[in-house]
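# pasted the sequence and its predicted model underneath.
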Amino acid sequence: MHDSLRYAVIMLAAGVGIPVLAALNAQLGTRIGSPTVAAVVLFCVALVSAIAVMLASQGVAGFSALSLAPKHLFLAGILVCFYVLSVTIVAPRFGVGNAVFFVLLGQMVSAAVIDHFGLFGAVVRPLTWMRGSGLGVMTLGLLLIVRA
C-alpha cells in the first residue's frame, strides 16, 4: 500500500474514533455523574495503551532525548485534556454531532493556519484561493450535516 494511502486510512480511522470517543466518554461521565472522573479514567486507559505500544515497538529508548525537547511542546497534553474534558461535559448537553461539528471546524481553521505559516515545524502549504474554497465547501458540508 502506498504511504499516502496508508496514512489516509490511519487518519480516517482516527477521525472515526473522535465522535465515538466523545459519545462513549460523555455517556460514562453521565452514568457515573462525573465528567472529570470519566476523563481521568480515559487518560488512565490511554496511558496504559500507549505504554503497551511503546514497549512493543521501541522500548523506553525515546525517553533519553525527552529532556532536550522544547518545553512548549508539552502543552499538547494540556490541549488533549481540554478536548477530552470539553467533549465529555458538552456532548451530553449539546449533542455529539454538534460538539464534533465545532471540533472539526476548529481543526480545519487551525490546520490551515498551521500549514500556511509552517507553525510548530509543519510543512508550509500556503492557504491559496483553492484551499480556502475547499475549506469553505467543507464547512458548508459540515453545516448541512448538523442541520439535517
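Great, that's in hand.
# which elements pack onto the strand or helix carrying residue 110?
Assigned by DSSP states H and E, residue 110 falls within helix 96-117. Packing partners of helix 96-117 (3 or more Cβ pairs under 8 Å, 6 or more residues apart in numbering; DSSP states H and E): helix 3-32, helix 75-94, helix 129-147. Placement of C-beta: from N, CA and C, glycine included.
# these into CSV, with extra columns for distance to residue 119 and mean pLDDT?
Putting the helices and strands packed on helix 96-117 into CSV (distance: least, Cβ to Cβ, whole Å; pLDDT from 0 to 100) gives the following:
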stretch, distance to residue 119, mean pLDDT
helix 3-32, 19, 92
helix 75-94, 13, 94
helix 129-147, 16, 87
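# which of those helices sits most buried?
Mean neighbours per residue, mean count of other Cβ atoms under 10 Å, is largest over the helices and strands packed on helix 96-117 for helix 75-94, with a mean of 16.
# for that one, list the C-alpha coordinates in PDB.
The C-alpha trace of helix 75-94 is given here as PDB (Å, rounded to 0.1, in the frame of the first residue of the first chain):
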ATOM      1  CA  LEU A  75       1.400  21.800  26.000                       C
ATOM      2  CA  ALA A  76      -0.100  19.200  23.700                       C
ATOM      3  CA  GLY A  77      -1.000  17.200  26.800                       C
ATOM      4  CA  ILE A  78      -3.000  20.200  28.100                       C
ATOM      5  CA  LEU A  79      -4.800  20.500  24.800                       C
ATOM      6  CA  VAL A  80      -5.700  16.900  24.800                       C
ATOM      7  CA  CYS A  81      -7.000  17.200  28.400                       C
ATOM      8  CA  PHE A  82      -9.000  20.300  27.400                       C
ATOM      9  CA  TYR A  83     -10.500  18.500  24.400                       C
ATOM     10  CA  VAL A  84     -11.500  15.400  26.400                       C
ATOM     11  CA  LEU A  85     -13.000  17.400  29.300                       C
ATOM     12  CA  SER A  86     -14.800  19.700  26.900                       C
ATOM     13  CA  VAL A  87     -16.400  16.900  24.800                       C
ATOM     14  CA  THR A  88     -17.200  14.800  27.900                       C
ATOM     15  CA  ILE A  89     -19.000  17.800  29.600                       C
ATOM     16  CA  VAL A  90     -20.600  19.400  26.500                       C
ATOM     17  CA  ALA A  91     -21.600  16.500  24.300                       C
ATOM     18  CA  PRO A  92     -24.400  15.200  26.500                       C
ATOM     19  CA  ARG A  93     -25.900  18.700  26.700                       C
ATOM     20  CA  PHE A  94     -25.200  19.900  23.100                       C
END
